[in-house]
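Colleague: mind looking at a prediction? Sequence and model below.
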Amino acid sequence: MARNKIGEALGEMFRTALETPVTEEYPFGKKVVTERFRGKLDIDPLKCTGCSICEIVCPAEVITMVTVGKKTVGTRTLDVKRPKFELYSCISCGQCVDDCRFGALTLTHEFELAVFRKESLRMDKALEGV
Amino acid sequence: MSSEEIESLARKLKGKTSKSMNSTVILVDPARVLDACLSVASFEGFYHLTTITAVDIWEDIELTYHFWKGRSFVSVRTKVSKKKPEIQSIAASLPSAVLYEAEIRDLFGVTFVGNPYTGKRLLLPDDYPDDLPPPLRAEADPETIRKRMKLE
Amino acid sequence: MNALEVFELLVFPGLTFFVWLAFVFEWLERKTAARMQGRLGPVVTGPFGLLQPVADFFKLASKEEIIPEYADTFVLRWGPALYFAAPAVGVAFIPVLGFQSILYQPLDLLVMFFLLSFSTLMAAMLGYASAGRYSTIAVGRLVVQYSSYEVPLLLSMITPAVLAGDISIQGVVAAQGSLWYIFLAPAAFAVFIVSALAELEKPPFDIPSAKTEIVGGWMTEFSGNTLAYVKLTKNLSYVFLSALAVSLFLGGPSGPVIFGNSSAQAAIYGVYFLVKLFAVGFLIFAIRTALARVRIDQAAKLFWTVITPISLAQLAVAIVIR
Amino acid sequence: MSSGKPSEEKSEAGAGLMQYSPESMMPFGPVHPSLKEPEYFRLVLEGEKIKEVIPRIGYVHRGIERAAQERTWVKDIYLFERICGICSFAHSICFTQGVEALSKFEVPRRAKYIRLVVAELERIHSHLLWLGLVGHWAGFDTLFMWVWKDREHVLDLSEAITGNRIHKSYATFGGVRKDLPDDIKDKLLAEMSFIEKRVKYYDELVSSERTLSVRTKGVGTITQDAARRLCPVGPLLRSTGIARDVRAEDPYAAYDEVPPEVQFRTDGDIASLLSLRMGEVLDSCRMIRVAMEKLPSGPFRTPVPRSVPAGDSAFHVEAPRGELFYYSKSEGLSSPARVKIRTPTMANLLTATEMLKGRPLADVPIVLTGMDPCFGCMDRVSVIDLDKSKQWAFTGEQLREYGIEYYRRLL
């Protein structure tokens, strides 16, 4: 067994004392996240075609499609749908981003999601865009 | 354990073997489960009982005892009818089965005769209504459970 | 006692000065312990977080006081004041500016013995009075630990008195003019530091107030004012014991004389005293960060079988030298 | 009031065994819903000796196996990933590989290597977390701070590769969702040598620091024949000398091309568990380095049909705490018919309870820390002191201290 003496950690302690501490002063210094960090979901209303794949695929059932208007295709009239997001229960897994063929959805680097009112985490951006 | 040995064991226990993916399964009827497990476990190195899986197949419950060694599983499978969900416990000779059997008793309602676990419940909350069917059974409906236990 | 003496006793080299020092010591300990662990330590309040202990004190003092159901309210109301009094009085016997301490008794080293055991007694009474389950178990361990470190602590304090031939702190300090007793009796200094660690319940002997083991130890049931004063007292006794170590072993404020005996020289003495005080304080919490908590049975064994014989031997050597 | 006398009315005890009167039943354990698998034991005492241990778990039983039956296969990956807050990637690769085996689907070699690298990263962070907790438990907060400071490097690496520190959401059917970032290789190799240097220092520190080694040597020992009988898994099993590791014996992902050196010790106490887990961290660093050298090029993922053909599959992986087992059964629909999950702590739980039988009350917390339950969850105990007929409630830690008091009387 290695020699058994007290105060084994003393040397290392003084070395750490000289190094710069690792605590990040978060509220003051901004936290740098890595490039692939999966933060808050965001949608680009122009690219969204209302195909509702994201609603089907979302594990947390955060997305609901809302009919925002009508359009006629040939003889049939279809209603135009756009997604509405309740981001307070979104788990940022990115499955919808992968499956959206039109690239309308992206995961931003924003992670400060503490809000006073639940409504401010509802995203209806896609609805007005039509 | 080569396939001939498994074949001979299955014939001895009047059971059938079937192959599924990486595990060979020996189907036996409930009375012979104990000595099937014992003989599998006694093969060199097969003593590790990974777990016991219960699956609800409509009118009865299928129990599979998985034993693991090397690159393959050898599993003993049996069916227990829902009308009389009782089977002999193997915990006396394979002590690692105690908790697995207790869990299945909680979630599927299969009582293992002779299981030394003396707690009334292993997993379910104490106020789970006794008259309701155990949760993982097909006929257990989450809505009624939620209402009966006054969960929001 | 004329106005100057009262001022000296209560403000400058006396109570307020040492209470302020207690806050600085707590800050110093938290800051360097953090820095040694790669953390930052208190930063927000005041420059470099210097006012954090003061902020903690006033925050606690303003909090509501919860007295447990079966607690002995009388002891809990007056206990902290007495507990605070022990080091507060002791501090007045330490010479800071020059070789005269404010209060001088011919046998004031014995007063020190009494104050040290009195503060542990008060801690035990407070813990027991608060009738919490954790505190009662903690008081049991506090007494066990006290009984093991008391003998070596006292022995290591007697050694310098024997060397100086005078049982008063002022006398010991004066006798050390030329040669500090740390060189004459190094083992006694080491024993004093280790027993001081046990008295202050700092790791590795923080068993009575072990955070992870019994939540707050004998301080678990305190809240509001009581907790504020008990914490302050622990820091004050930390300063008090370091000051004792300085005066008994490092010659108190003695050091090269620059301005003869004018008031400026007194200031220089004060500076020497402070430097040595911070050195001893730094030594104590360097040890505190480096060691894991020892179990109570190991602590008792360590004290009785190892530390007491050393202090006895050291005393014998001192008598021979004398 | 004699302990253990059978009482008239039907007590807690189930059928068959001698019925225990409620007073002799001592509840020991937490009611801590925030913990993953909070163990709660009812100990039957005879004076100081523990005669019978009845575990009671399920405080966070979220009915995941039932919930899985109502979600599609892809959604289930994100559900199972959230079973454990430390070894979440082990759950997702165990489930995905089980289903890939069921649908006889060949995953590209590069994906297998990437899965190996991320799984070993997770093992390193899980073992470092446990080392820090042991330090904190023994009152040595400096070790706790240092170890968790170095662990940040590993978590930052996971974030760089998968986008999240713990819940990686990275493995999916047919491979992984994103390729390794191209500048990751040298960053990984640099961090691995850093971790190796630090862990070597900790290993040496923990064994030689007197105040620590005296608290871990010969404490909470597990004998080999008990292990053979009770089938514990992972480091707990290997610390008794039986070197069984799923990665070596039944290799999955790229473990057949990058085999692990299975670590094992012989005396089964906490000190050997400590050095065993440190050895595993060093071995993981080595494996990551080898895997990065031999990393094949090619696709990291191939498309997979949504539904899974009928059949069932049993699959297991070596999670940081031991063998994790998934049994999934499909009837060819878009959601699974049944998924059975057996986590390593479940297997080790029985070993811990059996280890407690016949031991004094004092050993309860130490034996359980060795098992490294997902959280050190011995939190509160209420002791019915039969001879003094008083009721105390201690915390688990306080029980630790009571243990020392107990040993002190033996001195």
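Modeller: Thanks, I have it. Bear in mind the structure is a predicted one, so any value in this text is a computation, not a measurement.
Colleague: would you indicate which residues of stretch A:117-127 are buried?
Modeller: Taking 16 or more other CB atoms under 10 Å in any protein chain shown as the basis for neighbour counts, the residues of stretch A:117-127 that come out buried are A:121, A:123, A:124, A:126. Just so you know, the C-beta spots here come from the backbone N, C-alpha and C atoms, and that holds for glycine as well.
Colleague: low pLDDT regions in the chain?
Modeller: Chain wasn't specified; assuming chain A. A:1-7, A:129-130 (pLDDT under 70).
Colleague: actually it's chain C I care about, not the one you picked
Modeller: By pLDDT under 70, the low-scoring segments of chain C are C:1, C:133-134, C:209-216, C:259-262.
Colleague: now do 80
Modeller: Within chain C, the stretches falling below the threshold (pLDDT under 80) are C:1-14, C:70, C:96-107, C:131-138, C:140-141, C:176-182, C:202-221, C:251-268, C:288-299, C:321-322.
Colleague: so whichever residue of it sits closest to chain D: helix, strand or coil?
Modeller: Taking CB to the nearest CB, chain D has its nearest neighbour within chain C at residue C:293, 2.6 Å off. For residue C:293, the reduced secondary structure class is coil; criterion used: DSSP: H, G, I helix; E, B strand; the rest coil.
Colleague: would you mark the buried spots in the top helix by length along chain C?
Modeller: In chain C, taking DSSP state H as the definition, the longest helix is helix C:133-164. For helix C:133-164, burial by neighbour count (16+ other CB under 10 Å) applies to C:133-135, C:137-146, C:148-164.
Colleague: residue A:59 should be in a strand, yeah?
Modeller: No. Inclusion of residue A:59 in a strand is not indicated when three-state DSSP is applied; the result is coil.
Colleague: got the phi and psi for it?
Modeller: For residue A:59, the backbone dihedrals (degrees, to the nearest 10) come out as phi -60, psi -30.
Colleague: ok, it to residue D:308 distance?
Modeller: 17 Å (CB to CB, to the nearest Å).
Colleague: now do residue C:321
Modeller: Between residue C:321 and residue D:308 the distance, using CB to CB, works out to 88 Å.
Colleague: what do you get for residue D:210?
Modeller: Counting by CB to CB, the separation of residue D:210 from residue D:308 is 57 Å.
Colleague: and residue B:127, by the same measure?
Modeller: From residue B:127 over to residue D:308 (counting by CB to CB), the distance is 37 Å.
Colleague: between the two, who's got more neighbours?
Modeller: Comparing residue B:127 with residue D:308 by neighbour count (other CB atoms under 10 Å in any protein chain shown), the higher total belongs to residue D:308, at 25 against 8.
Colleague: name the element the more buried one belongs to?
Modeller: Using DSSP states H and E, residue D:308 maps to neither a helix nor a strand.
Colleague: quick check: phi and psi on it?
Modeller: Main-chain torsions, residue D:308, degrees, to the nearest 10: phi -110, psi 130.
Colleague: the closest residue to it other than its chain neighbours pairs with what?
Modeller: Residue nearest to residue D:308 in three dimensions, not counting chain neighbours: residue D:330, with 4.4 Å by CB to CB, 6 or more residues apart in numbering or on different chains. Beta-bridge partners for residue D:330, by DSSP bridges, are residue D:311.
Colleague: buried residues in the longest helix belonging to chain A, which are they?
Modeller: Secondary structure of chain A per DSSP H: the longest helix is helix A:10-18. For helix A:10-18, burial by neighbour count (16+ other CB under 10 Å) applies to A:12, A:13, A:16, A:17.
Colleague: against chain D, which of those make the cut? List them.
Modeller: The overlap between those and the neighbours of chain D (CB under 8 Å from any CB of the partner chain) comes to A:12, A:13, A:16.
Colleague: tell me how far the first one lies from residue D:192.
Modeller: Same thing as residue A:12. If you measure residue A:12 against residue D:192 using CB to CB, the figure is 20 Å.
Colleague: next: the second one.
Modeller: As defined by CB to CB, residue A:13 lies at a distance of 25 Å from residue D:192.
Colleague: try the last one
Modeller: Residue A:16 sits at a distance of 21 Å from residue D:192 (criterion: CB to CB).
Colleague: equivalent analysis for residue D:70, please.
Modeller: When CB to CB is applied, the distance between residue D:70 and residue D:192 equals 42 Å.
Colleague: residue ranges in the stretch 51-200 of chain D under the pLDDT threshold?
Modeller: D:51-65, D:84-85, D:134-140.
Colleague: chain A contacts on that one?
Modeller: Taking CB under 8 Å from any CB as the measure of proximity, the stretch 51-200 of chain D contacts chain A at D:71, D:74-75, D:78-79, D:142-143, D:146, D:149, D:152, D:156, D:159-164, D:167, D:169, D:177-178, D:181.
Colleague: can you flag the buried ones in the residues you listed?
Modeller: Going by neighbour count (16+ other CB under 10 Å), these have D:71, D:74-75, D:78-79, D:142-143, D:146, D:149, D:159-164, D:167, D:169, D:177 buried.
Colleague: show me where the stretch 151-300 of chain D has its helices.
Modeller: Per DSSP state H, counting those that start in this stretch, the stretch 151-300 of chain D carries helices over the ranges D:184-208, D:210-216, D:224-230, D:235-238, D:246-249, D:270-293.
Colleague: deepest of those helices, which one?
Modeller: For the helices of the stretch 151-300 of chain D, the stretch with the most neighbours on average is helix D:235-238, a mean of 27; neighbours defined as mean count of other CB atoms under 10 Å in any protein chain shown.
Colleague: can you name the residues in contact with that one?
Modeller: With CB atoms under 8 Å, 6 or more residues apart in numbering or on different chains as the test, helix D:235-238 has contacts from D:222, D:227, D:231, D:244-245, D:262-265, D:273, D:276-277, D:280, D:321-322, D:348, D:351, D:370-372.
Colleague: so what's the gap between it and the chain middle?
Modeller: Between the mean C-alpha point of helix D:235-238 and the mean C-alpha point of its chain there is a distance of 11 Å (CA atoms, centre = their mean, to the nearest Å).
Colleague: which residues are in contact with residue C:119?
Modeller: Under the criterion of CB under 8 Å, 6+ apart, the contact partners of residue C:119 comprise C:83, C:86, C:87, C:233, C:237.
Colleague: and if you look at residue C:313?
Modeller: Counting by CB under 8 Å, 6+ apart, residue C:313 touches residue C:187.
Colleague: try residue D:260
Modeller: So, once contact is read as CB under 8 Å, 6+ apart, residue D:260 ends up touching D:245, D:247, D:248, D:283, D:287.
Colleague: swap in residue C:120?
Modeller: Applying CB under 8 Å, 6+ apart to residue C:120 gives the contacts C:142, C:146, C:199.
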